[in-house]
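Visitor: Got a sequence here, can you model it:
(chains A and B)
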Amino acid sequence: MHAETTAVTSATDRKAAATAVFKDMEREPGVPKPDPILTVDNVVRRFGGLTAVDVKHVEVQRGSITALIGPNGAGKTTFFNQLTGFDTADSGTWTFNGKAMNGVPAHKVARRGMVRTFQLTKALSRLTVLENMRLGAQHQKGENFWRALVPGAWRRQEAEITERAEELLARFKLDAKRDDFAGSLSGGQRKLLEMARALMVEPELVMLDEPMAGVNPALTQSLLGHVKDLREQGMTVLFVEHDMDMVRDISDWVIVMAQGAVIAEGPPSTIMSDERVIDAYLGAHHDAPLSEGELEEQLHDAEAALEAEIEEETQK
Amino acid sequence: MDWITIFSTTIKSAVGVETVLYALAAIGINIHFGYTGLLNFGQAAFMAVAGYGLAVTVTVIGLPFWVGIAVGLVAAAILALLMGIPTLHLRADYLAIVTIAVAEIIRLLFRSVAFKDIFGGSDGQRGFSGGFQALNPFPEGEYGFNLGPIPIFFAHWQLWVMVVGWLLIALCCFIVFLLMKSPWGRVLKAIREDEDAVRSLGKNVFSYKMQSLVLGGVIGCLGGFIYGLAYGSVQPDVFGTETTFYLYTMVILGGAARVLGPVVGSMIFWVLLVLLNGTLSEAVAAGVITFIDTSQAGALRYVFVGLGLILLLVFRPQGIFGDKREIAIDAR
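Guide: Next up is the predicted model:
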């Protein structure tokens, strides 16, 4: 009973601490944070003529839950891919825990404590749930070819890993499924498995790409609880999400992207009333009719373009 | 019709030299395709460089038999690196294209006129198995027994190759068993399912794929040695692409990603092929079948092999040892 009370207080402490940090923070894109775990500078990614990502500066506060939102095609997932080494940025630098991470391959990013999940869940279908979990553990002796041939060299470590995996599975309520193929799980259970598997890596920063996409409402609550739980355990969470209810519910800070750039930051309670965010989601003129002057200007532009075209035709 | 001969050759083929050499190469394919999901369509090239490595070292350079074996093994490992370095960073289908091309390049090099002095052109090389047969502990003669009226006998030199071959198969299967039970094998199987997920969990996917390619290639090259030693010769056209496709047939027949799958697959493949060939050519000779001649009978058996494979994929896609649940997951 006593232990439970302390756990609850420490949980509220973490939430309170995160809220306190962001209390009087400015709403400008790239606003400095007191203790950033991830700092990004001038990351650019172009696909041919399309600039998918062009982020000038952004910081992610340690120990907080930060949401990354933005309309479709804003470059959120591409930005994720840059940071985690799944795609190479055209230019830019970013540091994780003060160490430069640009150009680091994906598997080394994960080893340094920055682990991601995917928008389209990547459960390893023909491995059992337990094998999926075991795969996440780092520094496995049995993953070396020569040591793998000598079962005695890795059995003990495997037992420890299994124990840790089973604890996590119990927490995520997947323990009944441990010996089933991951491919036989439902969509929501796969999301849970992917998150649990990422935790096997023992990350400092967990990056979730749309953790709620395609999950039924009953499971959403449980997933939300797990995400909050990550912060209570001292991890930092950065996640991409479309569902604003969820963002409001769990995030401490929101970063908004549009057309590849960070356009605004702010607390979840007020971010959606920010002018720049509304413009990005709904367009600048969504609620005001065009004024007479603007209408005339548009008409003028169109006529000028038409005339230029006619002139071009006649010159041929 | 001479049923005694038909049954005798059929039963012998279940454990014979061809079964042995194809089983070894198929174990390699099973590591590539069954466990890691690598589409290596150039397994015949691994067999070829091993067979030719041995042959050229012994006959042309004149070095002892063991040096030839070492040269063949090293050649197979280097070939795996050469195939893997440019392609393993890319999608799986690129590896398939490169391996099939490399296998053809190697075959054409071995049969080219320009290198006739070294590789012997389309006739290949012969006369390099003396060192191996000198180690033969079996005195000259025929070994075997009569199964009722059916004689099952092997010549002493054949028996020696078979004993060595089956020991190699046992060793390779044991190694595969150990590896695939270990965390190392778990990473390979995970790569087969989804590379990016494995990367996101901190594993160096390229390194594991390369290890798999080298291991499967080196095990496959043992099949090339067995071919060279059993027949006392190597010819380039033995190592054509159809050899690789037979290997895939065997792996799927036995059950991919099963330790004994490729061995059983190879046995079934050769038993069926020899039985069909024996029956068809005997039937033609005895005048039971009149619409084809003896040489056509040889070709017709491959038609049946193709038909058999189609039926297998329709009715038992998981192979002999496979798990139906895995296929069901795949179909989702």
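Visitor: Counting neighbours, what do you get for residue A:201?
Guide: When neighbours are defined as other Cβ atoms under 10 Å in any protein chain shown, residue A:201 has 20 of them. (Glycine included, C-beta is placed from N, CA and C.)
Visitor: correction: residue B:15
Guide: Neighbours of residue B:15 using other Cβ under 10 Å come to 16.
Visitor: Under a three-state scheme, what state does residue A:254 occupy?
Guide: Recorded secondary structure, residue A:254: strand (DSSP: H, G, I helix; E, B strand; the rest coil).
Visitor: again with the one 3 residues further on
Guide: Judged by three-state DSSP, the three-state class of residue A:257 is strand.
Visitor: which residue is nearest the middle of chain A?
Guide: By Cα atoms, centre = their mean, the mean C-alpha position of chain A lies nearest to residue A:239, the distance being 2.9 Å.
Visitor: Please verify my assumption that that residue contacts residue A:60.
Guide: No - between residue A:239 and residue A:60 there is no contact under Cβ atoms under 8 Å: 10.9 Å.
Visitor: and for those two, which residues touch both?
Guide: Here residue A:239 and residue A:60 have residue A:66 as joint contacts, going by Cβ atoms under 8 Å, 6 or more residues apart in numbering or on different chains.
Visitor: So the residue nearest to the centre of chain A belongs to a strand, correct?
Guide: Yes - counting by three-state DSSP, residue A:239 is located in a strand.
Visitor: so how far is residue A:242 from residue A:23?
Guide: 27 Å (Cβ to Cβ, to the nearest Å).
Visitor: Please say which of the two ends up with more neighbours.
Guide: residue A:242 (14 against 7).
Visitor: Secondary structure of the more buried one: a strand, I assume?
Guide: No - using three-state DSSP, the secondary structure at residue A:242 is coil, not a strand.
Visitor: So which residues on the stretch 1-150 of chain A come close to chain B?
Guide: For the stretch 1-150 of chain A, the contact set with chain B under Cβ under 8 Å from any Cβ of the partner chain comprises A:84, A:86, A:105-108, A:110-111, A:115-118, A:122-127, A:131-132, A:134-136, A:138, A:140-145, A:148-149.
Visitor: Just the buried subset of these, please.
Guide: Neighbour-count burial (16 or more other Cβ atoms under 10 Å in any protein chain shown) applied to those gives A:84, A:86, A:105-107, A:110-111, A:115-118, A:122-127, A:131-132, A:134-136, A:138, A:140-143, A:145, A:148.
Visitor: Just the ones of these in helices?
Guide: With DSSP state H as the criterion, helices contain A:106, A:107, A:110, A:111, A:131, A:132, A:134, A:135, A:136, A:145, A:148 from among these.
Visitor: Going by distance to residue A:201, which of these wins?
Guide: residue A:136 (5.1 Å; Cβ to Cβ).
Visitor: Surely residue B:81 touches residue B:211?
Guide: No - between residue B:81 and residue B:211 there is no contact under Cβ under 8 Å: 10.9 Å.
Visitor: count of neighbours near residue A:159?
Guide: Number of residues near residue A:159 (other Cβ under 10 Å) recorded here: 10.
Visitor: Tell me the predicted confidence for the residue nearest to the centre of chain A.
Guide: pLDDT, residue A:239: 93.
Visitor: tell me which element the nearest residue in space to it that is not next to it in sequence is part of?
Guide: Distances taken as Cβ to Cβ, 6 or more residues apart in numbering or on different chains place residue A:208 nearest to residue A:239, at 3.9 Å, with adjacent residues excluded. According to DSSP states H and E, residue A:208 maps onto strand A:205-209.
Visitor: Can you work out which other helices and strands pack against that strand?
Guide: Helices and strands in packing contact with strand A:205-209 are listed as helix A:76-83, strand A:114-116, helix A:187-200, strand A:236-240; criterion 3 or more Cβ pairs under 8 Å, 6 or more residues apart in numbering or on different chains; DSSP states H and E.
Visitor: got a list of contacts for the next helix or strand after the last one?
Guide: Per DSSP H and E, strand A:236-240 leads on to helix A:244-250 as the next helix or strand towards the C-terminus. Contacts with helix A:244-250, where a contact means Cβ under 8 Å, 6+ apart, come from A:65, A:67, A:69, A:212, A:220, A:224, A:227-228, A:241, A:254, A:268-269, A:272.
Visitor: distance between helix A:244-250 and the chain's centre?
Guide: Relative to the chain's own centre, helix A:244-250 is displaced by 14 Å; criterion: Cα atoms, centre = their mean, to the nearest Å.
Visitor: before we move on, what about stretch B:120-136?
Guide: How far stretch B:120-136 lies from its chain's middle: 19 Å, per Cα atoms, centre = their mean.
Visitor: Next: stretch A:129-149.
Guide: That offset, for stretch A:129-149, works out to 26 Å (Cα atoms, centre = their mean).
Visitor: cool, stretch B:303-316 as well?
Guide: Per Cα atoms, centre = their mean, the centroid offset for stretch B:303-316 relative to its chain is 20 Å.
Visitor: Excluding chain neighbours, what is closest to residue A:73?
Guide: residue A:259 (7.8 Å).
Visitor: So what's the residue count around that neighbour?
Guide: 16.
Visitor: Good, we can wrap up now.
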